[in-house]
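Participant: Got a sequence here, can you model it:
(one chain, ligands or ions: 1)
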Amino acid sequence: MNETLVDALTEAEAAAELARLAREITHHDKAYHTLDTPEISDAEYDALRRRNAAIEARFPALIRADSPSNRIGGAPESGFAKLRHRVPMLSLDNAFDAAEFVEFCARAKRFLGRTEPLTFVAEPKIDGLSISLTYEHGHFVRGATRGDGTEGEDVTTNLRTMKSLPQRLSGPAPALIEIRGEVFITKADFLALNQAQALAGSKVFANPRNAAAGSLRQLDVSVTAGRPLSLFAYAQGESTEPVANTHWDYLLRLRDWGFEVNPLSRRLGNEADAEAFQNEMALARSGLGYDIDGVVYKIDDLGLQRRLGFVGRAPRWAIAWKFPAEQATTVLREIRIQVGRTGALTPVAELEPVNVGGVLVARATLHNEDEIARKDVRVGDTVVLQRAGDVIPQIVSVVTERRPAHSVPFVFPDTCPACGSHAVRPPGEVVRRCTGGLTCPAQRVERLIHFVSRPAFDIDGLGEKTIQEFYNEGWLHGPADLFRLPQREAEIATREGWGRVSARNLSRAITARRTVPLDRFIFALGIRRIGESNAKLLARHYGSFANWRTQMLAATTVGSDERLELGSITGIGPTIAEELADFFAERRNVDTLDELAAELTIQDAVAAEAADSPIAGKTVVFTGTLETMTRPEAKARAEALGAKVTDSVSKKTDIVVVGADAGSKARKATELGVRTMTEAEWRDLVA
Ligand SMILES: [Zn+2]
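Facilitator: Below is the predicted model of the structure:
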């Protein structure tokens with residue numbers, strides 16, 4: 001990155017940069033802690049934090065109230081109850097080389113006014129999820145994630161499913177003790193889990209740490225129970241009585257109580273031993289069963305720990321000495337666009353294979369279109385690759401001096417490489433998506449599974465596994481093929497796991513669904529943002545399949561009356577209108593739709609008590625403040641009587657109900673000659 005050296009920054013530049021860093025770090029904290037989907041490597045993240053700290057050190061007057069230096073990670077969000085830690089869970093300062101470690105030791109000694117060497121406990125730093133476990137009278141009662149350090153998420157139920165977590169401490173224990181540790185997934189378990197996830201079409205995790213966090217923070221506890229989570233205990237929070245005088249003895253107590261403690265942890269007689277241990281672990285790292293990203297060194301004497309205390313968010317008595325990121329340089333041969341099962345286009349860099357930290361790497365993620373533009377990555381470039389605990393390597397930067405002459409910036413395709421359909425990127429989103437959902441081979445299986453699901457066509461006996469099986473046979477190219485499966489009944493009956501009865505039942509279930517209500521049909525198409533309720537709105541508004549189809553085709557023209565009408569349906573709006581227009585603008589989708597419709601009887605949407613009401617089929621707009629009813633109430637009543645309620649007035653509007661302080665809509669109605677009425681007149685009409 002082309003960053004100005006901190007020493008060269010003017011005060012104004014520094015202030016702007018601190019604002020940017022606060023924003024960026026907050027964003028990445030959220031991606032990492034709350035969403036479990038980091039966008040940058042740990043090393044890049046550390047670099048942001050270090051730059052922020054360096055600028056703050058030079059311009060202390062500019063330190064912001066929301067400075068990232070005062071925060072740890074992301075605050076808990078949604079789903080889980082919050083749990084306050086009795087003693088805060090802090091994070092550690094980092095050292096990146098021997099000089100920084102030596103400086104850490106010197107600081108501690110100066111603080112203590114001491115010259116003799118310090119005894120340390122060294123513990124490999126596991127890349128997992130920190131948790132706090134509360135035991136009362138030896139029984140596990142509560143467990144929480146670290147969260148923002150003060151307050152985490154209550155994951156007690158999930159933790160109880162872990163075999164490596166003692167439900168009861170063996171031997172005498174304090175009345176109350178908080179024990180801290182790391183939940184993690186081994187490399188082997190991680191690979192197996194990702195394989196299973198990919199097979200099931202579920203989310204694949206970027207690295208073992210995210211897999212551990214994602215597995216523990218499951219609202220469905222049975223999912224957590226099925227995940228291979230491990231635990232190492234290594235620290236304490238609150239305790240009603242002291243349990244040891246040194247950290248080393250505390251680790252021994254943990255082991256006696258039944259916890260797993262990392263067997264590689266070691267007590268070091270003085271700080272000089274740390275460098276040897278660091279090198280030893282750096283060599284051992286690739287052969288370990290789990291990921292580590294450094295070593296934590298803690299001053300062993302708990303009395304000294306108490307005296308040293310904390311500064312900001314970190315203790316003065318411990319430091320995490322991180323391994324350098326594993327980097328290598330290689331040539332980028334090609335940028336290939338992968339199409340995910342949901343239609344997302346993801347760029348992948350194909351590389352001259354190169355060894356990065358003991359692993360042969362031939363491919364790296366480029367995340368998205370913006371990332372390529374930001375780093376100006378081009379085909380033929382020499383790039384710096386990095387693995388930093390992450391299993392998926394990242395491209396850090398381009399070595400521009402080695403860029404071939406005549407190289408051109410990469411142009412992200414606007415068609416899907418799998419099917420040729422338009423690939424669109426809605427404003428404000430980072431991902432470009434293929435619009436050919438129904439025909440795109442990359443998305444077909446996913447779409448078919450959605451198509452037969454309960455709220456859609458609800459076809460009994462056609463689950464995910466069967467769809468995949470028939471798809472592999474080459475029987476299912478699109479949804480219309482589902483309705484041709486009964487022609488293969490005899491063949492299906494002879495398949496493994498099938499028989500005459502089950503094949504017959506499947507044929508019947510499929511045939512029974514040849515008649516389908518319009519709203520289910522629309523929902524089944526799997527158009528982005530068209531869930532069940534939007535499908536109902538569309539069905540009710542357009543009434544019949546033929547009408548909907550005609551109107552949607554016309555709505556593909558931006559600025560057409562049909563497009564405006566679509567966007568003004570309450571609950572739809574311009575963004576969803578655009579998704580629908582994108583879908584219908586793709587010829588292949590319309591062909592597939594027609595092929596499908598030819599197999600079906602699509603029932604018109606009928607409004608409940610509508611038939612003989614005075615406003616059935618009328619388009620109504622409410623404007624201004626209503627005095628005897630709320631807007632939603634008025635709308636619900638109108639719809640129940642078969643009217644369509646829209647938000648804007650056009651020549652297709654039949655009635656405008658004008659409340660108090662009505663503005664431009666009332667004027668427009670008069671201009672267009674649309675019938676207007678007062679709230680009282682309206683009430684009389686629908687009474
Ligand atoms: Zn496609």
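
Participant: pLDDT value on Ala75, please?
Facilitator: Note for Ala75: predicted pLDDT of 41.

Participant: can you point me to the longest strand in this structure?
Facilitator: Criterion DSSP state E: the longest strand present in the chain is strand 326-339.

Participant: Grab the CA positions of that one and hand them over as CSV.
Facilitator: These are the backbone C-alpha positions of strand 326-339, laid out as CSV (Å, rounded to 0.1, in the frame of the first residue of the first chain):
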residue,chain,number,x,y,z
GLU,A,326,4.3,-16.4,5.6
GLN,A,327,4.9,-14.7,2.3
ALA,A,328,6.2,-15.6,-1.1
THR,A,329,6.3,-14.0,-4.5
THR,A,330,4.9,-15.5,-7.7
VAL,A,331,3.3,-14.8,-11.0
LEU,A,332,-0.4,-14.5,-11.5
ARG,A,333,-1.3,-16.5,-14.6
GLU,A,334,-5.0,-15.9,-14.9
ILE,A,335,-8.0,-14.4,-13.0
ARG,A,336,-10.8,-17.0,-13.2
ILE,A,337,-14.3,-16.1,-12.2
GLN,A,338,-16.1,-18.8,-10.2
VAL,A,339,-19.9,-18.8,-10.0
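
Participant: Tell me the first helix or strand C-terminal of that strand.
Facilitator: strand 345-356 (DSSP states H and E).

Participant: for that next one, packing partners?
Facilitator: strand 326-339, strand 359-365, helix 369-375, strand 382-387 (3 or more C-beta pairs under 8 Å, 6 or more residues apart in numbering; DSSP states H and E). In this view, the C-beta of every residue, glycine as well, is placed from N, C-alpha and C.

Participant: between that strand and strand 326-339, how big is the angle?
Facilitator: 150 degrees (axes from the mean of the first three to the mean of the last three C-alpha atoms, to 10 degrees).

Participant: Next, the angle from strand 345-356 to strand 359-365.
Facilitator: 160 degrees.

Participant: tell me how far strand 345-356 is from the chain's mean position?
Facilitator: The chain centre lies 23 Å from the centre of strand 345-356; the measure is C-alpha atoms, centre = their mean, to the nearest Å.

Participant: Secondary structure of Val620: a helix, I assume?
Facilitator: No: counting by DSSP: H, G, I helix; E, B strand; the rest coil, Val620 is not part of a helix but strand.

Participant: my guess is it contacts Lys652, does it?
Facilitator: No: assessed by C-beta atoms under 8 Å, Val620 is found out of contact with Lys652, at 11.2 Å.

Participant: ok, those two, which is more surrounded?
Facilitator: The neighbour comparison of Val620 against Lys652 (other C-beta atoms under 10 Å) goes to Val620, with 22 against 15.

Participant: how close does the more buried one get to Trp257?
Facilitator: 70 Å (C-beta to C-beta, to the nearest Å).

Participant: Grab the nearest non-local neighbour of Thr592.
Facilitator: Leu438 (4.2 Å; C-beta to C-beta, 6 or more residues apart in numbering).

Participant: for Gln167, same thing?
Facilitator: Gln167's closest residue in space is Phe140 (C-beta to C-beta, 6+ apart), at 5.1 Å.

Participant: which residues does that neighbour bridge with?
Facilitator: Applying DSSP bridges to Phe140 yields these beta-bridge partners: Tyr135.

Participant: The residue nearest to Thr592 touches Pro479, doesn't it?
Facilitator: Yes: contact status for Leu438 versus Pro479: in contact at 6.6 Å, counting by C-beta under 8 Å.

Participant: Which one's more surrounded, the two?
Facilitator: The neighbour count for Leu438 versus Pro479, taken as other C-beta under 10 Å, is higher for Leu438 (29 against 26).

Participant: Pull the contacting residues for that one.
Facilitator: Arg447, Gly478, Pro479, Leu525, Gly526, Arg588, Asn589, Thr592, Leu593 (C-beta atoms under 8 Å, 6 or more residues apart in numbering).
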